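Novice: Predicted coordinates and the sequence they were generated for:
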Number of protein chains: 4
Amino acid sequence: MTAPEETVLLQGHIIDSLILAKVLDTILMMGGTFDLQDVRIGATRDAPSHARIVVRASSGRQLAEILRAIQPHGATVEREEDCRFEPAPAAGVFPEQFYATTHLSTEIRLDGEWVTVEGIEMDVGICVDPAKARARTVPMAAVKEGDLIVIGRDGIRVTPLARPTERDVFGFMESVVSSERPHQPVLADIAARMQRLRARHRAGEADAKILFAGGPAIIHAGGREALAWLVEEGYVQVLFCGNALAAHDMEAALYGTSLGYELSAGRSVPHGHEHHLRTINRVRALGSIEEAVRSGLVRDGIMAACVRQHVTLVMAGTIRDDGPLPGVLTDSMAAQQAMRAHIPGVGLALLVASTLHSIATGNLLPATIPTVCVDVNPAVPTKLADRGSFQAVGLVMDAASFLSELARALGWRP
Amino acid sequence: MTAPEETVLLQGHIIDSLILAKVLDTILMMGGTFDLQDVRIGATRDAPSHARIVVRASSGRQLAEILRAIQPHGATVEREEDCRFEPAPAAGVFPEQFYATTHLSTEIRLDGEWVTVEGIEMDVGICVDPAKARARTVPMAAVKEGDLIVIGRDGIRVTPLARPTERDVFGFMESVVSSERPHQPVLADIAARMQRLRARHRAGEADAKILFAGGPAIIHAGGREALAWLVEEGYVQVLFCGNALAAHDMEAALYGTSLGYELSAGRSVPHGHEHHLRTINRVRALGSIEEAVRSGLVRDGIMAACVRQHVTLVMAGTIRDDGPLPGVLTDSMAAQQAMRAHIPGVGLALLVASTLHSIATGNLLPATIPTVCVDVNPAVPTKLADRGSFQAVGLVMDAASFLSELARALGWRP
Amino acid sequence: MTAPEETVLLQGHIIDSLILAKVLDTILMMGGTFDLQDVRIGATRDAPSHARIVVRASSGRQLAEILRAIQPHGATVEREEDCRFEPAPAAGVFPEQFYATTHLSTEIRLDGEWVTVEGIEMDVGICVDPAKARARTVPMAAVKEGDLIVIGRDGIRVTPLARPTERDVFGFMESVVSSERPHQPVLADIAARMQRLRARHRAGEADAKILFAGGPAIIHAGGREALAWLVEEGYVQVLFCGNALAAHDMEAALYGTSLGYELSAGRSVPHGHEHHLRTINRVRALGSIEEAVRSGLVRDGIMAACVRQHVTLVMAGTIRDDGPLPGVLTDSMAAQQAMRAHIPGVGLALLVASTLHSIATGNLLPATIPTVCVDVNPAVPTKLADRGSFQAVGLVMDAASFLSELARALGWRP
Amino acid sequence: MTAPEETVLLQGHIIDSLILAKVLDTILMMGGTFDLQDVRIGATRDAPSHARIVVRASSGRQLAEILRAIQPHGATVEREEDCRFEPAPAAGVFPEQFYATTHLSTEIRLDGEWVTVEGIEMDVGICVDPAKARARTVPMAAVKEGDLIVIGRDGIRVTPLARPTERDVFGFMESVVSSERPHQPVLADIAARMQRLRARHRAGEADAKILFAGGPAIIHAGGREALAWLVEEGYVQVLFCGNALAAHDMEAALYGTSLGYELSAGRSVPHGHEHHLRTINRVRALGSIEEAVRSGLVRDGIMAACVRQHVTLVMAGTIRDDGPLPGVLTDSMAAQQAMRAHIPGVGLALLVASTLHSIATGNLLPATIPTVCVDVNPAVPTKLADRGSFQAVGLVMDAASFLSELARALGWRP
């Protein structure tokens, strides 16, 4: 019996972007073998290269798995065909063989033409409109019966991430910055990006929004003033958070405490949850966070800055919420959809001190958006990378220190 | 000007349960002073003691805060009065001065009689029915306009936790078991409790259910077989989890992988999220997890065991979910309410490898329910304690090792 | 059969310092029971109290263990006797029944007189000179054959730690400050202590030295400038470290890198250990760190500041050292002895980012010295407490952020 | 001005081992550029490839740094010259330009012949005997005045690590196994290696020794029985540890406690350090661990197994040691030398629950020795990799769980 084999093509900057190496590595790791045919390598950095690779496996299933695994690196099977699609059998259900996306730029072949998939994000399906020659991503829950959904792997190609031309920390992909590596230069690179993006955003340019997703440890540990300053100064356009961050922020405004700790004194005030609950109750009585700020109840902090600066705020509910505050989207699918709606236009994502928000946001971000994940626990950036957000730079720091240093680098003088 | 003062009473086992010490400690810590009057200490362990304490503070506000802080320890202001209540001003809004509960047994005084508050849980309000002389807790979101809600602090008394008579790990409260302390004896104590509870539950006794709340790391790290065995053997009556645990469990049943890692081989299979998505899609197509098990699609694992053993399953949605699976409660308030409904009757709570589920469940548990919190990250048990669940025993272990050791102690032979 | 029993006395501020509570708790926890007799509690905070406690156990061995366990809280057996001692049977060997010290102030009774033990530290023996009526601690390795060593438990009393009168973070003992609690107030308290101590030290007062023990993560993470500033400004009198901190500090001075990371750029320079080795080699060629500074080879950083400020430097060797640098005490017992020699006069100890140095220094510190333990890993402060240094305040922060914030609070303007 | 450039050669399995990719990546990351000339890639996996790369930099210094950085990957400057050497200027001091080794196999060119450097280990120098045409590594502290030490970079070539042919976990280099990935398959691979090595060792084959380096958390957390079993069954030939592991192990044999925790009951016994100290004192009185075992004082546990199985034991002292036990090498350089002496012949290294011993041992291991690093703190495997031990497989588990699972996989039935 002959081993099943398939010939794939790789082209572009496949050498210096490590793509050829990763593809060959993946083939071997998954138990396959390969022969390289017709490898041509550009003599300079700018000249593209290409390679034809014969992949062999011990079974058809193994071969299919290998092809699936190397496709995200841009390895396309040689024979060019149109992509295939099938109608969704029911609302919220994809066809059995649906193609699951990566967060890399993706094209599908319709009638011999390559069409870019709109709204790319990982782990969703692709819905096709053959009449208009268009394609867009669709989450499983949003698919309608009869929607035409791409199936199989033919006629789909993804563009691997090129190494960024900017020589800052985002140019060194797949790196976790441990607590043992110097933070200052990473912070300086992030601050420089933020300054450029703010200038571009003020100039009305596209893709210049800064997205901040964070958890309540920001308040507990003392990062509230720094984050509020960043918002006031125009360094945040979109804020994803939960009920807790907003409630603790306003609790600090009303009572000077967070989760029962007096922020100014570091003393544990037993039964301090009461302040938390009273804050939520008072804002519920007023009807909205906007009204709490406008009425003068909440005079400082992150929420006040968001209201004043017209920051887009998406608050997602969880089962650990008290209240919750008005404005919290208690339905997780609705919250996810609201987050998704605000990803376009983002030029930098900061994911700080929240495993839940970091991973949820990471799931929605295309690979091309520079991303920073900050947590005092080194497992969080690792988790994010394990779930596919390989473009994220991990930084092991407590949230308060990160925000203080970042704000200082941008001009904050507390 | 005379310093504001108030005289409070403490009675019961206030010496050996450390209550007197904690009350005095709290007064000093919060900047007050005290005089002890008429302290009578029982000569034996069984004889009760009592103390009258004059608390002084530098301002009325400080005095009020101190009284609020020592009340959860059972310190009641001497003059006995009925509790006060007011109608809720709007749906979902408590009266301004609402009393926020602790998770300790609580009574209120109505017409001179002490009435036990039903359904006690922390951080909610108390709704009174004076006609029937009854009181029950009510979460903020569930209050209806006009509900009579307890306000202020008069006429409310809580019963401090007595030291348990059983001499196992749950008798040593407020202890985090670090990764440097021996796990085996703690596991043995938990296993012994579980055996007693299972026997009692099978005998139809009350308060004998075992609640398990867990995260998907259980599957990733290899604890699936052990947990499935515990469920099959009747050691779990209630399971709180999210979409991810259920989906990864069934992904393992269908594909032998979890989050792209082959469970049998430990190899990373790139783009392995696909299995995860296909699993969810197939279960959605079938309509329910029960149907996925009954139809033979899912033959082993935790979900299969839950269906076969009629375990009460509450799956709460989050913004990081794919799908989600049918049966997931995507509305967080609805999910919280479903969890709340299944707390009565629980005799032991195991919170494993999920910050979100551990804290959310901890919020709902009365202090009298023995609780274990297991995480490889020592910050998680600390967080739980910081949020008031002081009765929880913390154990720093990875989930798979915990479940394997626990199942082995109960007779599992893999 | 009658249960073995013993009557012990407790006196002083046994209520508000929690001592009575802890003693009773310990008795119960270890399986004993007690009767309280003749408890008299001072009516005001300043009036002392006393209690007579009858301790009962199920066996003589259990009773002895309980008495041993409650003795560190100041519980003394009622009958007063002189302490007993025996000659050490050989050099480096204590008599079989030697008394092992705690780090609390300790007296022994010699000829009816209570004599204070000099140089108290935990886990060593007590050597007696009956002729001079003096006693001092002696580590096991330092005992000489025939030295008179205290044995048993009679005639020994320890003074429990009184709650400090200062109302800062050090007044709240046994507290770990998690990454979720506000750091700023803790840092402010530490900074205030340091300012007072520096003023007192400059005024020639006793017990005003500040001890800093730290690991190389200080350099890696970017805390070098802040620590060098603290040293230059007179905020450190004694520095305990290892070869690595000193070498990485001087590597930064010579090459601008630390462990292969360029401190100014955050770039990983492969094989960067070379700079580390060349730095050590060059300092070895010069013969000493002092000469490296004086010769102008090393112009800035922590070592340069230490040389200029005449800071007492103890560098202890480990098996992971390259080189090592001249001045490193490669013998661990000699290094421990050198550290021990510099504890007297210390008024504050800062233990930063080094499990080894934190625990080694913690072992040598009397309980009366305010101590801070800083680590990004919450397990380190827990370990320190597990090993008996209960007076240490734990702070979960990365070293660079801690040092930057602390230096800023003291006036650093980078 | 022309940019400085140099042409380097790469040959061997430079594609599938990722070497070409890493070299090009390093050049770009360090700010250089390259042209590829004459790349020939073998068409099958077994056929070797080669590439000629022109490296350009903006300065001579940058070029030198890039060449230094890519040399560990096997990139040799094209012009072949003999290596250069100089006499050491003093005892313990290398010549200024000494070559610092990696832990990869290294050859130097002497009189036109390539000579393998003996005893390769990272971060040491190379001492040449031109007369005998031999070369061996020498640590800085061991160099004698006049020893001929290799300088510069000419005439030195290192062999990059080839991907192992065995398809187990050690074939997937540079991977940290997080607490979220399945442990079971990794443990199975380690166990399989250990069985093969034990068989080979019993057959008298070379390079079949198993080295275990561990910390005292093994005892605290409950891994003592499993490790003792592994030693008894012949799965450990060399044990590196400190005073603490040995003392806690024997404390458990004498008193059933470890660091004050009763191993059988999990109860904290206050002031439990006493058992620790008495254990050390009694072994000191007997003169050696061997005598403590032979005399029957110590009847079970790890030390007893080591004595009975004639395991090579190296105990290194640290500043946190009590005692220490007889046999502990208190001089860190002597201990490092003793460890170094036992590396030859090792076929597998297990580094468990000790940052100090893991990194110290990692420093001494050639890259060709399969290595596992186990710690409950994910930062420890990361640290090891940061320090160059890239061949180590990291496993995030508590020590007791790791040892229990490993021993069970090898047949332990507790």
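Specialist: Arrived safely. Residues are numbered from 1 along each chain as shown, chains lettered A, B, ... in the order given.

Novice: Quick check: which element contains the residue nearest the centre of chain A?
Specialist: In chain A, the residue lying closest to the centroid (C-alpha atoms, centre = their mean) is residue A:362, at 2.7 Å. In the assignment (DSSP states H and E), residue A:362 maps to helix A:355-364.

Novice: Now the element after that helix, going C-ward?
Specialist: Per DSSP H and E, the first helix or strand lying C-terminal to helix A:355-364 is strand A:371-375.

Novice: my guess is the residue nearest to the centre of chain A meets residue A:383, correct?
Specialist: No - using C-beta atoms under 8 Å as the test, residue A:362 is too far from residue A:383 to be in contact (9.2 Å). The way it works is simple: take the backbone N, C-alpha and C, and place the C-beta from them, glycine included.

Novice: Need the overlap of contacts for those two.
Specialist: Residues touching both residue A:362 and residue A:383 (C-beta atoms under 8 Å, 6 or more residues apart in numbering or on different chains): none.

Novice: show me where the stretch 51-200 of chain A has strands.
Specialist: A:76-77, A:84-87, A:106-110, A:113-118, A:125-129, A:134-138, A:148-151, A:156-158, A:176-177 (DSSP state E, counting those that start in this stretch).

Novice: quick revisit: the helix holding residue A:362 near chain B anywhere?
Specialist: Yes - legend: contact between helix A:355-364 and chain B by C-beta under 8 Å from any C-beta of the partner chain is shown at A:355-357, A:359-360, A:363.

Novice: returning to what we had before: state the pLDDT value of the closest residue to the residue nearest to the centre of chain A other than its chain neighbours.
Specialist: If the residues on either side of it in the chain are set aside, residue A:362 comes closest to residue A:389, at 3.8 Å by C-beta to C-beta, 6 or more residues apart in numbering or on different chains. The predicted structure scores residue A:389 at 72 on the pLDDT scale.

Novice: can you check residue A:67 too?
Specialist: Per-residue confidence (pLDDT) for residue A:67: 86.

Novice: for the one 3 residues further on, same thing?
Specialist: We have a pLDDT of 84 for residue A:70.

Novice: For chain B, see how far away it is.
Specialist: 8 Å (C-beta to the nearest C-beta, to the nearest Å).

Novice: picking that back up, was I right about the residue nearest to residue A:362 contacting residue A:103?
Specialist: Yes - at 7.5 Å, residue A:389 and residue A:103 qualify as touching, with contact defined as C-beta under 8 Å.

Novice: Which neighbours do these two have in common?
Specialist: Residues touching both residue A:389 and residue A:103 (C-beta under 8 Å, 6+ apart) are A:365, A:367.

Novice: dump the residue contacts of the nearest residue to residue A:138 once chain neighbours are set aside.
Specialist: Computed as C-beta to C-beta, 6+ apart, the closest residue to residue A:138 that is not its neighbour in sequence is residue A:127, at 4.2 Å. Shown in contact with residue A:127 (C-beta under 8 Å, 6+ apart): A:135-138, A:143, A:147-150.

Novice: Show me what residue A:127 is bridged to.
Specialist: residue A:136, residue A:149 (DSSP bridges).

Novice: Kindly indicate whether residue A:283 is helix, strand or coil.
Specialist: helix (DSSP: H, G, I helix; E, B strand; the rest coil).

Novice: What helix or strand is the closest residue to it other than its chain neighbours located in?
Specialist: In space, and not counting its chain neighbours, residue A:283 is closest to residue A:292: 4.7 Å by C-beta to C-beta, 6+ apart. Per DSSP H and E, residue A:292 falls inside helix A:289-294.

Novice: For the next helix or strand along the chain from that helix, name the packing helices and strands.
Specialist: Downstream of helix A:289-294, the next assigned helix or strand under DSSP H and E is helix A:302-309. In terms of contacts (3 or more C-beta pairs under 8 Å, 6 or more residues apart in numbering or on different chains; DSSP states H and E), helix A:302-309 is packed against helix A:224-232, helix A:243-255, helix A:289-294.

Novice: got CSV for the ones you listed, with mean neighbour count and mean pLDDT too?
Specialist: Converted to CSV, these look like this (neighbours: other C-beta atoms under 10 Å in any protein chain shown; pLDDT from 0 to 100):
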stretch, mean neighbour count, mean pLDDT
helix A:224-232, 23, 97
helix A:243-255, 25, 95
helix A:289-294, 20, 98
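
Novice: Which stretch among the ones you listed approaches residue C:343 most closely?
Specialist: Closest approach to residue C:343 among the helices and strands packed on helix A:302-309 (C-beta to C-beta): helix A:224-232, 38.1 Å.

Novice: Alongside chain B, which residues does the stretch 201-350 of chain A contribute?
Specialist: Checking the stretch 201-350 of chain A against chain B by C-beta under 8 Å from any C-beta, the hits are A:259, A:267-271, A:273-274, A:276-278, A:280-282, A:284-285, A:316-324, A:330-336, A:339.

Novice: Keep only the residues you listed that also lie close to chain D.
Specialist: Okay, of those, nothing touches chain D (C-beta under 8 Å from any C-beta).

Novice: What subset of the residues you listed is buried?
Specialist: For those, a burial check counting by 16 or more other C-beta atoms under 10 Å in any protein chain shown picks out A:259, A:267-271, A:273-274, A:276-278, A:280-282, A:284-285, A:316-324, A:330-333, A:335-336, A:339.

Novice: Might you specify the subset of these located within helices?
Specialist: A:273-274, A:276-278, A:280-282, A:284-285, A:332-333, A:335-336, A:339 (DSSP state H).

Novice: how about low-confidence regions in chain A?
Specialist: A:1-2, A:15-18, A:41-47, A:162-167, A:171-181, A:259-272, A:387 (pLDDT under 70).
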